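Asks: Sequence plus predicted model, see below.
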Amino acid sequence: MADMPTGFWSGWIAVVTLVSLAALGWLVFSVYFSSDADTQSEQHVWDETLKEGSNPAPMWWFWLILSTMVFSVVYLMLYPGLGGYSGALKWSQAGRLDESFASYGERFGPIRHEIADASLESLQSDDAIMASARRIFDRKCGICHGADAGGQASRFPDLTDDVWQWGEGLEQIEETIRSGRQATMVGWQAVLGDDGVGQVAHYVLSLRESGEAHDVEGGRTSYGQFCVACHGPTGEGNVALGAPNLTDDVWLYGGSVEDIEQTVAFGRHGHMPAFNDRLDDTQIRMLLAWLTR
């Protein structure tokens, strides 16, 4: 988007502004200096002292209006206001913002480069940097993952444990922050029916509770047909696909048999937005250090 209006709208704004100033000037002149200003029509008197006639506005009103008009004219000469005219001082909000960014970069640029290149261990040992990283988390991540990063609403994962759906390696976590993730668990209600959904749910629970695959009322067969491609034959998941481990005790959407049946029947859809365009390299490095400390 251009900083200043152009074409038709530029001319329209300039015309409206100048006509408004001229109309205000004419109005003030007509009130205070018109030849008819002192002409009094035949007066009528009511209740002995109440007379009909005109009573001119006090002169201090005139000087106040005149001063504001002079200020407006000077302002329009120095700053943007008349359509596409940028003013004698060439000031703009975009230019002021660029100056602020340049000043900030000159002052803090070297420090930010040091942080971006520093090891996670050194960042984690710096309380001031960790405090700044916490503020980044609060602004960008806390609304979903909770103020304590412990997840919430059975929709957003806990970031304080060692379980990372897309991998717990530093490169994998950074990729999650930068590029986001899209998780999709399809629903199997139409294929399995109510009985089949219940069987798979109980079979999945048996994986968690015993660590061994047992045939629970046909659930093992259905699992081998529809679930093994993503979650693996032993239910340990696949970080490349974002398929969670079914043998641990970490359940994003709930670990009861009813919750698992809901997941199997209707599927789940999770979305982690990408922050590569919202956070710079320094902020991502700080956030990575805070999450893995």
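Replies: That came through fine.
Asks: Only C-alpha atoms from now on, for both contacts and neighbour counts.
Replies: Noted.
Asks: residue nearest the centroid of the chain?
Replies: residue 140 (7.5 Å; Cα atoms, centre = their mean).
Asks: Residue 159 is in contact with residue 168, correct?
Replies: No: with contacts defined as Cα atoms under 8 Å, residue 168 does not count as touching residue 159, sitting 10.5 Å away.
Asks: By mean pLDDT, flag the weakest helix or strand of this protein.
Replies: Least confident helix or strand of the chain, by mean pLDDT, DSSP states H and E, is strand 50-51 with a mean of 68.
Asks: how is this structure carved up into domains?
Replies: 1-32+56-91, 96-166+282-291, 183-272 (automatic domain parsing).
Asks: how about CSV for those, with mean pLDDT added?
Replies: Formatted as CSV, these follow (pLDDT from 0 to 100):
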stretch, mean pLDDT
domain 1-32+56-91, 85
domain 96-166+282-291, 93
domain 183-272, 89
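Asks: show me the contacts for residue 169.
Replies: By Cα atoms under 8 Å, 6 or more residues apart in numbering, residue 169 lies in contact with nothing.
Asks: how far away is residue 199 from residue 255?
Replies: 15 Å (Cα to Cα, to the nearest Å).
Asks: and these two? which has more neighbours close in?
Replies: residue 199 (22 against 17; other Cα atoms under 10 Å).
Asks: just checking, the more buried one touches residue 206?
Replies: No: with contact defined as Cα under 8 Å, residue 199 does not count as touching residue 206 (10.6 Å).
Asks: hey, what's in contact with both of those two?
Replies: Common neighbours of residue 199 and residue 206 (Cα under 8 Å, 6+ apart) are residue 216.
Asks: Of all the residues in stretch 231-246, which ones are buried?
Replies: By 16 or more other Cα atoms under 10 Å, the buried positions in stretch 231-246 come out as 231-232, 234-239, 242-246.
Asks: from those residues, which is closest to residue 154?
Replies: residue 244 (14.7 Å; Cα to Cα).
Asks: what's the closest residue to that closest one other than its chain neighbours in contact with, if anything?
Replies: In space, residue 244 comes closest to residue 237 once its chain neighbours are excluded; the distance is 4.8 Å by Cα to Cα, 6 or more residues apart in numbering. Neighbouring residues of residue 237 by Cα under 8 Å, 6+ apart: 230-231, 243-246.
Asks: And the residue nearest to the centre of the chain, how close does it get to residue 179?
Replies: Taken as Cα to Cα, the span from residue 140 to residue 179 is 14 Å.
Asks: With residue 153 instead?
Replies: 23 Å.
Asks: Those two - which one has more neighbours?
Replies: Neighbour totals were compared for residue 153 and residue 179, and residue 179 leads with 14 against 11 (other Cα under 10 Å).
Asks: wait, that one sits on residue 278?
Replies: No: Residue 179 lies out of contact with residue 278 (Cα under 8 Å); the separation is 10.9 Å.
Asks: all strands of this protein, in order?
Replies: Assigned by DSSP state E, the strands in the chain fall at 45-46, 50-51, 181-185, 268-272.
Asks: buried residues in the longest helix belonging to the chain?
Replies: Ranked by number of residues, the top helix in the chain under DSSP state H is helix 7-33. The neighbour-count check on helix 7-33 (16+ other Cα under 10 Å) flags 10-11, 13-14, 28, 32 as buried.
Asks: What helices and strands are in contact with it?
Replies: helix 59-78 (3 or more Cα pairs under 8 Å, 6 or more residues apart in numbering; DSSP states H and E).
Asks: what's in contact with the helix it packs on?
Replies: Residues from elsewhere that reach helix 59-78, judged by Cα under 8 Å, 6+ apart: 21, 28, 32, 82, 87-90.
Asks: As TSV, those residues with distance to residue 96 would be great.
Replies: Output for these, formatted as TSV (distance: Cα to Cα, whole Å):
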residue	distance to residue 96
21	28
28	37
32	42
82	19
87	14
88	15
89	12
90	11
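Asks: among the residues you listed, which two are most distant?
Replies: 32 and 90 (37.1 Å).
Asks: pLDDT wise, what is residue 46 at?
Replies: What the model reports as pLDDT for residue 46 is 70.
Asks: In TSV: the domains of the chain, plus distance to residue 173.
Replies: Shown next, in TSV, are the domains of the chain (distance: least, Cα to Cα, whole Å):
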stretch	distance to residue 173
domain 1-32+56-91	36
domain 96-166+282-291	8
domain 183-272	11
